[in-house]
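K.L.:
make a model of this:
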Amino acid sequence: MKTGVPALVIALIAAQTLCAAIFLADVLADVAEATAMDWHLVPEGLASIALLAGIGFEVAYLLRLLQRKASLERSVGMASSELQTVIEAHFDDWKLTASERDVAALMVKGLSISEIAGVRGSAEGTVKAHLNAIYRKSNARNRAEVLSHIMDALIDKPLLPPVT
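P.N.:
Residues are numbered from 1 along each chain as shown. Next comes the predicted model:
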């Protein structure tokens, strides 16, 4: 949900609440003025009650959505942290240098050789040399195998702790 969406929904709920208040005030004023049973007040009263029930439902649903969003954001944060831990553990096991770690991290993010060189401000040949060292140290023949080693560790280890 974008930041502006909850604000828009809240504004719509506020507008509906104002309309419901006006409708209820009108029905109550009509009831006070009625000398006999005026049947047109029944559907107006029911419509007002239905509008209020709808507002209550919208508020409860919005709150549930916001709670779910917060829960998902926490889960993504935990998964991201765990993913970083797994990647760093591999880099440690492979005994990568600081430059190789930097290149490997950018490679894991999916950057091409030229993009990595641009980000690091180095020559493509330097990046290729670091990649070759990463492949050698990780016993991989290419980028896909390096990523496969990392993914294997993720598949064997759950990203999130079990819910109790």
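K.L.:
C-alpha only now, for contacts and for neighbours.
P.N.:
Noted.
K.L.:
neighbours around residue 91, how many?
P.N.:
Neighbour count for residue 91, taken as other C-alpha atoms under 10 Å: 22.
K.L.:
ok, residue 125 next?
P.N.:
12.
K.L.:
hmm, who's touching the helix or strand of the chain with the lowest mean pLDDT?
P.N.:
In the chain, no helix or strand scores lower on mean pLDDT, DSSP states H and E than helix 143-156, which sits at a mean of 84. Helix 143-156 has contacts (C-alpha atoms under 8 Å, 6 or more residues apart in numbering) with 83, 86, 87, 90, 107, 108, 135, 138, 140.
K.L.:
which stretches of the chain form helices?
P.N.:
Here the chain has its helices, by DSSP state H, at 4-33, 41-93, 98-108, 113-120, 124-137, 143-156.
K.L.:
circling back to that earlier point, and the least confident helix or strand of the chain, what's buried?
P.N.:
Of all the residues in helix 143-156, those buried under the rule 16 or more other C-alpha atoms under 10 Å are 143, 146, 147, 150.
K.L.:
and the angle for it with helix 124-137?
P.N.:
Angle of helix 143-156 versus helix 124-137, following axes from the mean of the first three to the mean of the last three C-alpha atoms, to 10 degrees, is 50 degrees.
K.L.:
report the distance from helix 143-156 to the chain centre.
P.N.:
24 Å (C-alpha atoms, centre = their mean, to the nearest Å).
K.L.:
quick one, that helix and helix 41-93 angle?
P.N.:
120 degrees.
K.L.:
what about residue 15, how many residues close to it?
P.N.:
Neighbourhood size, residue 15 [other C-alpha under 10 Å]: 12.
K.L.:
so residue 41 sits against residue 32, correct?
P.N.:
No. With contacts defined as C-alpha atoms under 8 Å, residue 41 does not count as touching residue 32, sitting 11.2 Å away.
K.L.:
so for these two, which residue has more residues nearby?
P.N.:
residue 41 (16 against 9).
K.L.:
let me see the contact set for that one.
P.N.:
By C-alpha under 8 Å, 6+ apart, residue 41 lies in contact with 27, 30, 31.
K.L.:
going by distance to residue 37, which of those wins?
P.N.:
Top of the list for closeness to residue 37, among the contacts of residue 41 and by C-alpha to C-alpha, is residue 31 at 8.6 Å.
K.L.:
the closest residue to the closest one other than its chain neighbours and residue 25: what is the separation?
P.N.:
Of all residues not flanking residue 31 in the chain, residue 41 sits nearest, at 7.5 Å (C-alpha to C-alpha, 6 or more residues apart in numbering). For residue 41, the distance to residue 25 (C-alpha to C-alpha, to the nearest Å) stands at 12 Å.
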